[in-house]
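In: quick one, structure for this:
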Amino acid sequence: MSARNRRSTAAAVTAGAAALLALCGAAANAMAAPSSGGGAKAGAAMVAAAASTHTLTVPRGLTISDGTRHVVVNGRSIDFGTVVRDLAWNPAGSKAAFVDGHGNLVVSDPDGSHRVTVAANAGGQTWSHPTWQVSAADHQNQIPAKNNLIFSAKINGRTVLESVKATSNHGRPARISLNNEPGESGLPQSDNTWPNAGGYGTAVYANTHDGEVYIRDDYLRQQGHALAKGSEPALSADDEEVVFVRSVHGHDHLFVEDFGGAAPVVKDVTPHATTDYTEPAWSPNGRTIAFRAPNGVYTITKTAHGFGAPVKASSHTGLPAYRG
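Out: Just a heads-up that it's a prediction; the model follows:
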């Protein structure tokens, strides 16, 4: 079954749709000047040439984590009281999930308070990129509500996907099964990383061995298949689009695959990039993609003809995410 058909089935049996997040105005920060060195100056010049200088209305809730205890939220630094790596928000924006300095999977309130160790790292493992898997109960198909965290775990040299209930306290993660669709070859069971869940029990992830982005339907069939060559994928809240990173002429560009038409369409949405654009994240309303560049965080916003030019949202460099 195609990704589009699988997504349509999931949407038909799931009540409701993702709510849109209201936009609030925020002026984009000025381009940051490089600190020193010819290479840094050249890099900044390339970013400036590729990015628009217009101000941008940024969806409320853009956050940036950089591996320290401070998280930038709407341009303001918040001390979470512990190291924060790979911050992700639940759809409601009421809880944050991240990997702390001990490698544990932690959930907290939006300001870092009331931290709970959802799963404790036993040691010798590297956990990364948690994503929330939240869906309502489907009584017709006897599927309970889900509130899980999916993350990547490197264990004994193998990188696999694991899951644990987001409400656990020192819970035990379980390996996620990756089943292929009928008639298709088996899916790789290791080297899987960068999971990202969408709105109807669907998730995407990347495989570092074959360089493919995969999609998985965890709503009914728990099956999946490869989508396209790329890495660092993110699924829109309505499950209709996936953004991912792909190298073009020596630089990382952002590509979007759209499932909304009769056939999926893959498009380079940063065709003029002259530096690396990485770690993309969708805004909850699906209109904007935030991403990392060498000198800060940028966004691109949908227009009548696709996506506009990159606009700088912050001089702070780190992993962007949206608080729902």
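
In: low-confidence ranges in the stretch 151-300 of the chain?
Out: Residue ranges of the stretch 151-300 of the chain with pLDDT under 70: 183-184, 199-201, 219-222.

In: show me where it has strands.
Out: 158-165, 174-175, 179-180, 192-197, 202-207, 212-217, 223-229, 231-235, 241-248, 251-258, 265-268, 278-282, 288-293, 296-303 (DSSP state E, counting those that start in this stretch).

In: and residue 106, bridged to which residues?
Out: Beta bridges link residue 106 to residue 98, residue 117 when assigned by DSSP bridges.

In: returning to what we had before: can I get the strands of the stretch 151-300 of the chain in a markdown table including distance to residue 142 and mean neighbour count?
Out: No exception for glycine: its C-beta is placed from N, CA and C like everyone else's. Formatted as a markdown table, the strands of the stretch 151-300 of the chain follow (distance: least, Cβ to Cβ, whole Å; neighbours: other Cβ atoms under 10 Å):
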| stretch | distance to residue 142 | mean neighbour count |
| --- | --- | --- |
| strand 158-165 | 19 | 19 |
| strand 174-175 | 20 | 12 |
| strand 179-180 | 19 | 14 |
| strand 192-197 | 21 | 25 |
| strand 202-207 | 19 | 25 |
| strand 212-217 | 17 | 23 |
| strand 223-229 | 18 | 18 |
| strand 231-235 | 25 | 24 |
| strand 241-248 | 29 | 21 |
| strand 251-258 | 32 | 20 |
| strand 265-268 | 35 | 14 |
| strand 278-282 | 30 | 22 |
| strand 288-293 | 36 | 25 |
| strand 296-303 | 38 | 22 |
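
In: among the ones you listed, which comes closest to residue 81?
Out: strand 158-165 (22.3 Å; Cβ to Cβ).

In: neighbouring contacts of the closest one?
Out: Outside strand 158-165, the residues that touch it by Cβ atoms under 8 Å, 6 or more residues apart in numbering are 105, 118-119, 133, 147-153, 171-176, 178, 189-193, 195, 205, 208.

In: run me through the strand neighbours of that strand, direction for each.
Out: Strand pairing for strand 158-165, determined by DSSP bridges: strand 146-155 (antiparallel), strand 174-175 (antiparallel).
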